[in-house]
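Enquirer: Kindly return the folded structure for what I paste below:
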Amino acid sequence: MRYANRIDANQNDIVNTLRECGATVRIVSQGDGIPDLLVGYQGYTILMEVKDGKKPPSARALTPAEQKFFDEWRGGMVVIVNSVEEAIDVLKRCK
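Expert: This is a model prediction of the structure:
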């Protein structure tokens, strides 16, 4: 089942903050379980799935397609971020 592409309320803030930190960010959310953001930072490539941390946990659950992608991904870092702070923490792990 394909879900409509929705942008979480915090996605723009996360994208802007990542860029302010020096990351290259491309919004690639296109459904099919592919994470929302492709982030390049200090030689690392990160796939970020953005969830709205203000929503209850049940509303932040991965869709079946997203879960399948996470389970099958064999490349670099793929993470879920619920806030600007979590996105910054991911960048800190790249140092």
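Enquirer: Residue 29 - nearest residue in space that isn't next to it in sequence?
Expert: Excluding its sequence neighbours, the residue lying closest to residue 29 (Cβ to Cβ, 6 or more residues apart in numbering) is residue 36, at 4.0 Å. Glycine gets a C-beta too; all of them are placed from N, C-alpha and C.
Enquirer: same deal with residue 27?
Expert: Per Cβ to Cβ, 6+ apart, closest to residue 27 is residue 37, 6.1 Å.
Enquirer: hang on, the earlier thing: what pLDDT does the residue nearest to residue 29 get?
Expert: For residue 36, the model assigns a pLDDT of 95.
Enquirer: quick one on the thing from earlier: who does the residue nearest to residue 27 form a beta bridge with?
Expert: Taking DSSP bridges as the rule, residue 37 bridges to residue 27, residue 48.
Enquirer: which residues touch it?
Expert: Neighbour list for residue 37: 11, 14-15, 18, 25-29, 46-50 [criterion: Cβ atoms under 8 Å, 6 or more residues apart in numbering].
Enquirer: Which of the residues you listed has the largest number of neighbours?
Expert: residue 50 (27 neighbours; other Cβ atoms under 10 Å).
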